[in-house]
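Asks: Have a look; sequence and predicted model below, questions after that.
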Amino acid sequence: MVFELLRLNIHVTDEKFNTIYPASIRRLSEKHWTPVSVAKAASEFLVSSSGTRVLDIGSGAGKFCMVGAVNTNGHFTGVEQRVELVDLTQSLIRKYSLQNIEFIHANITSIDFRKYNAFYFYNSYYENIDFGNKIDDSILLNTSFYKAYTKYTLEQLAILPAGTRLATYWASDKFTPPGFTLIDSLYDERLNLYEKQFNG
């Protein structure tokens, strides 16, 4: 069982982890779902103390949150606008009896970031400007959404207190809001780890 191996800090390949998903979801893994090793590194950075509340901005198939929940003592929330993916991730929580994790069906612009202490962002908005690599046709994609979602997220991060942590994967440097300082870069600078030093 992949989650038992992760709890024991035993290496789990992405191919092995992805066996929990149906074939249609596995096919999207390389492009859209966070690799296990990246999820472990990011979650360990984000959870600075027991009970840290982590928000995954655009959680997709829930891979980051599930790895983080079994790899740390934080609480992980994934927000996803595709109801089919939310239904899938909620069923996986039940199937594998995962704790300290939840998935909610919502648009990011309805989320109050002040409820969370740390954030993970795997450039989930990029799909709105890269139609050739979209997940499916279940939601409307538009370049204006990319701008609106990015603007909202940066504004929300800007009002959060010092000590807030942020991990971005495959995201532009322009995504980093004022007040956040780069702490470390991993995986050829694709995974960037930030902490807020002052109110931006």
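Replies: Sure thing, it's come through.

Asks: Just say helix, strand or coil for the residue most central in space within the chain.
Replies: With distances taken as C-alpha atoms, centre = their mean, D56 lies nearest the centre of the chain, 3.3 Å away. Classification of D56 by DSSP: H, G, I helix; E, B strand; the rest coil places it in strand.

Asks: Against V79, how distant is it?
Replies: From D56 over to V79 the distance is 7 Å, taken as C-beta to C-beta, to the nearest Å. Glycine gets a C-beta too; all of them are placed from N, C-alpha and C.

Asks: Now do the helices in this structure.
Replies: 2-7, 14-17, 23-26, 29-32, 36-46, 63-71, 83-95, 143-158 (DSSP state H).

Asks: Deepest-packed of those helices, please.
Replies: Greatest average neighbour count among the helices of the chain goes to helix 63-71 (a mean of 26), per mean count of other C-beta atoms under 10 Å.

Asks: re the thing from before, hang on, the residue nearest to the centre of the chain packs against K63?
Replies: No. In this structure, D56 is not within contact of K63 by C-beta atoms under 8 Å, at 9.4 Å.

Asks: dump the residue contacts of V2.
Replies: Counting by C-beta atoms under 8 Å, 6 or more residues apart in numbering, V2 makes contact with 12, 16-17, 19-20.

Asks: Give me the contacts around the helix or strand of the chain with the lowest mean pLDDT.
Replies: When each helix and strand of the chain is scored by mean pLDDT, DSSP states H and E, helix 29-32 comes last, with a mean of 88. Helix 29-32 has contacts (C-beta under 8 Å, 6+ apart) with 14, 18, 21, 60-61, 63, 133, 135.

Asks: which of those count as buried?
Replies: Taking 16 or more other C-beta atoms under 10 Å as the criterion, what is buried in the contacts of helix 29-32 is 14, 18, 21, 60-61, 63, 135.

Asks: Poorly predicted segments of the chain, please.
Replies: 131, 200 (pLDDT under 70).

Asks: if you set the cut-off to 80 instead, what comes out?
Replies: By pLDDT under 80, the low-scoring segments of the chain are 126, 128-141, 173-174, 198-200.

Asks: The residue nearest to the centre of the chain pairs with what?
Replies: G78, Y120 (DSSP bridges).

Asks: and it, what does it touch?
Replies: By C-beta under 8 Å, 6+ apart, the residues touching D56 are 64-65, 76-79, 119-120.
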